[in-house]
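K.L.:
Need coordinates for the below:
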Amino acid sequence: MHQPEEEFRPVVGFEGRYEVSNLGRVRSLPHIQLGRNGKPIKRLGRILRPGRHNKHGHVSVVLGRGNTRQVHRLVLEAFVGPCPPGEETCHDPDPDPTNNRLDNLRWGTRSDNINDAVGHGTWHSEKRIAGWASPANAAGRAKGHGGRTPAALAALARGRQTRWGVRDA
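P.N.:
Reported below is the predicted structural model:
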């Protein structure tokens, strides 16, 4: 399989300090930093080590103190442009959230993301979809009802829903 050539572009908002590649790697650029004693220290650029996975499995990097950013967003912002209103990142065709290659990322709506997850077989609850008219309808239903399943909504309407789940009849 042909491996694309790695191309680096400046990280939006951190131009001159960090760059991100189309393969999902982030690097710092060589720079001079003041040490504790006030003397300048020459720092070499290096590839940053990805940080922890968030609850959805996405990796992040720290761009200076207090500036943690998700790698997939950095890649899209540098190579595609800013996120359009009402859209978010989508992993397609590979559902692996650690695959931050440009050819696996795109901006899309929440519905696009859920439909991709259904297509990949990674949607976390097939029961949630089974009770709805169609998987395409899942995004609006999950968002509009706090992610509750139709069974949970019915139990809530019948007064059987408790803080801990559905009460036995």
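K.L.:
Which stretches in this protein count as strands?
P.N.:
8-10, 18-21, 26-28, 31-34, 40-43, 60-62, 68-70, 88-91, 105-108, 161-162, 165-166 (DSSP state E).
K.L.:
Report the buried residues of the helix ranked longest in the chain.
P.N.:
The residue-count maximum for a helix in the chain (DSSP state H) belongs to helix 110-120. For helix 110-120, a neighbour-count test (16 or more other CB atoms under 10 Å) marks 110, 112, 113, 114, 115, 116, 117, 118 as buried. In short, each C-beta sits where N, CA and C put it, glycine included.
K.L.:
Grab the most central residue of the chain for me.
P.N.:
residue 58 (5.4 Å; CA atoms, centre = their mean).
K.L.:
I'd guessed that one sits against residue 69; true?
P.N.:
No: using CB atoms under 8 Å, residue 58 is not in contact with residue 69, being 10.5 Å away.
K.L.:
Present the strands of the chain as JSON lines; the columns should include mean neighbour count.
P.N.:
What follows is the strands of the chain, written out as JSON lines (neighbours: other CB atoms under 10 Å):
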{"stretch": "strand 8-10", "mean neighbour count": "15"}
{"stretch": "strand 18-21", "mean neighbour count": "24"}
{"stretch": "strand 26-28", "mean neighbour count": "20"}
{"stretch": "strand 31-34", "mean neighbour count": "9"}
{"stretch": "strand 40-43", "mean neighbour count": "10"}
{"stretch": "strand 60-62", "mean neighbour count": "18"}
{"stretch": "strand 68-70", "mean neighbour count": "17"}
{"stretch": "strand 88-91", "mean neighbour count": "20"}
{"stretch": "strand 105-108", "mean neighbour count": "18"}
{"stretch": "strand 161-162", "mean neighbour count": "14"}
{"stretch": "strand 165-166", "mean neighbour count": "12"}
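K.L.:
Can you tell me which of those is nearest to residue 77?
P.N.:
For residue 77, the closest of the strands of the chain is strand 18-21, at 8.3 Å, according to CB to CB.
K.L.:
who does the closest one pair up with?
P.N.:
strand 8-10 (antiparallel), strand 26-28 (antiparallel) (DSSP bridges).
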